[in-house]
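Undergrad: I would like to see how this sequence folds:
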Amino acid sequence: MFSLLSMAARNLLRNKRRTTITVLGIAMGLSLVQTAYNLNFGNYTKLLDSGIRGTAGHVVLQHPLWQDEREVEQVVEGSQALAGALKADNPEALIARRIFAGGLLTSPTNTIPSGILGIDPEIESQLSRTDEKMVEGTWLEPGDSKGILIGDTLAKRLGVGLKGRVVVMAPAPDDPSESVSQLFRVRGIYHSGVATLDNFTGITTVEGAQPLLRGTDPAHQIAVVYGDDTQTAAAFAKAEAMALGGAAALSWKEAVPDLRSFIQADTQTNDSFFFVIGFIVVLGVVNTMLMSVLERVREFGVMLAVGMRPGRLAMLVLTEGVLLGAAAAILGTLLGAAFTYPLATTGLDFSAAYGETIETAGVAMDTLLIAKYAPTRMAAYAVSAIVMTVLASAWPAWRVTRMRPIQAIQHL
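TA: Numbering: from 1, shown residues only. Presented below is the predicted three-dimensional model:
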């Protein structure tokens, strides 16, 4: 084996220019794929983090039918007690209650159908970070049952500003044929970048939204949020084992399926693009190896004539492919890591084109895209580069096995 490696290395070094160009071509293609995936991986991580923290949780307790129907009457009662029990089981997690109600938001000048989001302000400020999006006024205080936050676009449509009064009118919880009215005062105006929030959503406390629901201490969701996904399985098992009072426990993968599907579809699209790049690189390698074989036909003929078996000659050509692929994989990975570094530290800023935020799968994301190293994927792409290079060498290697010593020696 050592003799094959030695011969293969010498053969590659015979034409240093061609070998260098081939290695650089493979390496640049590999580094492009790795850098692009690292940028996507950073975006996926941020998107998942924003979606899980802001719209659901790593584990969610809710009415069994809420996920499919989302009817306002599908509540979990005793939400404060359930939140306390979850906190006791998950002391390191943040426990958030949420209400998703709706009705007519009325001001002295206009009436607009709107959603009403009820939150625990202290907890939510650590999760969705909507408090950082305030353009006027202040964030809600805990227990403020009369305060409301509205989006900047909604504020303009309603014609209200800070300290303005708005009324939420909704069907009465116990009798839908009747209506209930709730008076709020505008504590602040925000801009989230999500059209649904900015145009049609008022944010109040859980206590402020509960009169719009039926039951005792109701909420639609109780979310368990950790710093990352590593605790999800354990938290889910604990939630399932609790006496939930008719509530259903879901992991984030079940609670936000659209977000997960978007990432999977986008990953598949990118993988298809990466495959096209790899195929183009393979064509270049095939050309290089075939030229190398054709230039050495007489040499191969002599080697066959003195007793070298065709299979060993084919192994020599494949070994050259392995060395080309290995050199390109090492160089490409180093370049991929180097190209990723500024994207991971400084990022790619699209704010000039799209503003400060952009909506993706219903989640507001910063337009500053930050890459994140994905070592497992980078290693997988490097191994794939080696495998594809060896496969590209297979046809030239097969051609070597079809040579006849006399004809090969006479080849001009």
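Undergrad: P108 - that's part of a strand, no?
TA: No. Per DSSP: H, G, I helix; E, B strand; the rest coil, P108 lies outside any strand segment and is coil.
Undergrad: state the pLDDT value of it.
TA: For P108, the model assigns a pLDDT of 90.
Undergrad: before we move on, what about A243?
TA: So A243 comes in at 56 (pLDDT).
Undergrad: and stretch 45-56, what's its mean pLDDT?
TA: 82.
Undergrad: mind checking how far the residue nearest to the spatial centre of the chain is from A338?
TA: Residue closest to the mean C-alpha point of the chain, counted by C-alpha atoms, centre = their mean, is Y44 at 1.7 Å. For Y44, the distance to A338 (C-beta to C-beta, to the nearest Å) stands at 22 Å. Every residue, glycine included, has its C-beta placed from N, CA and C.
Undergrad: just to revisit the earlier point, excluding residues flanking it in the chain, which one is nearest the residue nearest to the centre of the chain?
TA: I263 (5.2 Å; C-beta to C-beta, 6 or more residues apart in numbering).
Undergrad: do A170 as well
TA: G103 is the one closest to A170 (C-beta to C-beta, 6+ apart), at 3.2 Å.
Undergrad: for Y190, same thing?
TA: K133 (4.6 Å).
Undergrad: can you pull the contacts of that neighbour?
TA: Y190, H191, S192, G193 (C-beta atoms under 8 Å, 6 or more residues apart in numbering).
Undergrad: and the host helix or strand of F273, what other elements does it pack with?
TA: F273 belongs to helix 257-295 when assigned by DSSP states H and E. In terms of contacts (3 or more C-beta pairs under 8 Å, 6 or more residues apart in numbering; DSSP states H and E), helix 257-295 is packed against helix 16-55, helix 310-345, helix 375-392, helix 394-401.
Undergrad: turn those into TSV, including distance to R98.
TA: Shown next, in TSV, are the helices and strands packed on helix 257-295 (distance: least, C-beta to C-beta, whole Å):
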stretch	distance to R98
helix 16-55	9
helix 310-345	33
helix 375-392	34
helix 394-401	57
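Undergrad: and I95, that's in a strand?
TA: Yes. According to three-state DSSP, I95 belongs to a strand.
Undergrad: okay, now it: neighbour count?
TA: 23 (other C-beta atoms under 10 Å).
Undergrad: quick check: bridge partners of it?
TA: On the basis of DSSP bridges, I95 takes part in beta bridges with V224.
Undergrad: need the contact list for it.
TA: A83, L86, K87, I123, I222, A223, V224, V225 are the contacts of I95 under C-beta under 8 Å, 6+ apart.
Undergrad: swap the cut-off to 7 Å and go again
TA: Applying C-beta atoms under 7 Å, 6 or more residues apart in numbering to I95 gives the contacts A83, L86, K87, I123, I222, V224.
Undergrad: and the second one, what helix or strand is that in?
TA: Right, L86. helix 79-89.
Undergrad: going by neighbour count, list what's buried in that helix.
TA: S79, L82, A83, A85, L86, D89 (16 or more other C-beta atoms under 10 Å).
Undergrad: tell me the pLDDT at the first one?
TA: Per-residue confidence at S79 stands at 90 (pLDDT).
Undergrad: was I right to think it contacts T216?
TA: No. Contact criterion C-beta atoms under 7 Å: S79 and T216 do not qualify, at 9.2 Å.
Undergrad: what's the neighbour count on A233?
TA: 12.
Undergrad: the bottom helix or strand of this protein by mean pLDDT?
TA: Least confident helix or strand, the chain: helix 405-409 with a mean of 63, by mean pLDDT, DSSP states H and E.
Undergrad: of all the helices and strands packed on helix 257-295, which one comes closest to A239?
TA: Closest approach to A239 among these (C-beta to C-beta): helix 16-55, 15.1 Å.
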